[in-house]
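1. below are the sequence and a predicted model for it; my questions follow.
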Amino acid sequence: MSPLDHRLHAYRGDLADIRLKNQVNARIFVEGRPAQIAVHFADMLEEPREGSALMRQAIFGEAVVVYEENDGYAWIQREWDGYVGYIKTGALGEVAATQSHRVCVPRTFLYPGADLKLPRSGYLSLGSLVSVVGQRETRGIEYAELSDGRYMIAKHLRLVEDLEADFVTVAGTLLHTPYLWGGNTGFGLDCAGLLQLSMMMSGRPVPADSDLQASSVGSIVDTSNGQFDNLRRGDLVFWRGHVGIMENETMLLHSSGHTMNVAREPLHQAIERIAYLYEMPTIVRRP
C-alpha cells in the first residue's frame, strides 16, 4: 500500500476512518460522528497533549468528523478540506441549525444583546459560520440575532452563498495580522493560512499547508528566465516552506516570519532576502 498523507487521512495503527478500509492498516475502523466547532477557534494539534505542535485551526461553525474522544482531546477531521488533528473536546458542539451567514471582516465581536455598549460575550474570525434568525436596530446600528441568542454587527456578515469576488482583496484586508505558525484565522496567520482563508472566502478551497498548495493549486507559470517578470495579480509564488500572493505584477502579500505579520513587500526584495538564507522560489502557480 502507498502511504497516505496523515494530514489528510485519519488513520493510525490502532484506529482509522472506516472509509480507508482496504487502503491502510489499522486494528479498528470506525465511522466518525458529525460535530461542529463551538468556540471562536480550536487549535488543531499534532498530538493529544499540552505543548504539542500547532498544525492548523478550526473556526467557529465549521463541520468536523470526530473519530475519537479521550482524556480531554478529540481526534477530528475538518469536513471542508479534510485536515486531520487533535483538538480539546470542549471545543466541540452538536451540529446546529444550517448556518446562513459567514463573517466577512478579519475580526468581530459577539454581544449578549443588540447593543455594542454591552460587555462583549465572545469574538469570531473571518470565515466563521453562524445562523442568523433575526435583526434588530439600536441607535441606528443594525444587529444580527444569532440562533444561540447572541448578537453581532450585521454588516460584519454576509450570506454564505455571497462569495468574495477576488481572494487577493481578501488577503489585503488581513494586512498587519500577527504571524502565527499554523494559524488560519483573522487573529493570527502563517503564509499558507493566509492563502487558504482568503481563497476559501471566494469559494475556492485549497489545501491547508504550503507544500500541498504548491503541488495542486492552479497551473504552473513558466519562470525559467529567472526574472519573474511575467507574473500578474493572484499568482502564487512558492519557496520551500513558504508562499506569497502577488498583489500586482511586482508586489507580494505574505505572512512573513521576517516582519512577523501579514506584510506587503516588493517581490524582488523578498526573493533576494529569502535566497540569502534559504533558496530561490521553487514554483509559481496561477489559480
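-> Looks like it came in fine. Computed from a prediction, not measured in an experiment: that's the story for all the values here.

2. would you map the strands across the stretch 101-250 of the chain?
-> 101-103, 107-110, 122-125, 129-130, 132-138, 141-146, 151-153, 157-159, 184-185, 188-189, 219-220, 236-239, 242-246 (DSSP state E, counting those that start in this stretch).

3. could those strands be laid out in a markdown table, adding distance to Leu174, mean neighbour count and mean pLDDT?
-> C-betas here are computed from N, CA, C, even on glycine. Converted to a markdown table, the strands of the stretch 101-250 of the chain look like this (distance: least, CB to CB, whole Å; neighbours: other CB atoms under 10 Å; pLDDT from 0 to 100):
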| stretch | distance to Leu174 | mean neighbour count | mean pLDDT |
| --- | --- | --- | --- |
| strand 101-103 | 13 | 23 | 98 |
| strand 107-110 | 10 | 18 | 98 |
| strand 122-125 | 10 | 20 | 98 |
| strand 129-130 | 18 | 22 | 98 |
| strand 132-138 | 24 | 13 | 97 |
| strand 141-146 | 22 | 18 | 98 |
| strand 151-153 | 19 | 22 | 98 |
| strand 157-159 | 16 | 17 | 98 |
| strand 184-185 | 10 | 27 | 97 |
| strand 188-189 | 6 | 26 | 98 |
| strand 219-220 | 25 | 9 | 97 |
| strand 236-239 | 16 | 23 | 98 |
| strand 242-246 | 10 | 25 | 98 |
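
4. adding distance to Ala263, write the ones you listed out as TSV.
-> Formatted as TSV, the strands of the stretch 101-250 of the chain follow (distance: least, CB to CB, whole Å):
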stretch	distance to Ala263
strand 101-103	23
strand 107-110	18
strand 122-125	19
strand 129-130	28
strand 132-138	34
strand 141-146	32
strand 151-153	28
strand 157-159	27
strand 184-185	17
strand 188-189	11
strand 219-220	26
strand 236-239	14
strand 242-246	9
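
5. wait, which of the ones you listed is closest to Arg264?
-> strand 242-246 (9.9 Å; CB to CB).

6. now that closest one, how far from the centre of its chain.
-> Offset of strand 242-246 from its chain centre (CA atoms, centre = their mean, to the nearest Å): 15 Å.

7. and it, C-alpha only, in CSV?
-> C-alpha atoms of strand 242-246 as CSV (Å, rounded to 0.1, in the frame of the first residue of the first chain):
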residue,chain,number,x,y,z
HIS,A,242,6.6,29.4,2.1
VAL,A,243,4.1,31.0,-0.2
GLY,A,244,3.1,34.6,-1.1
ILE,A,245,0.3,36.1,-3.2
MET,A,246,1.0,38.6,-6.0
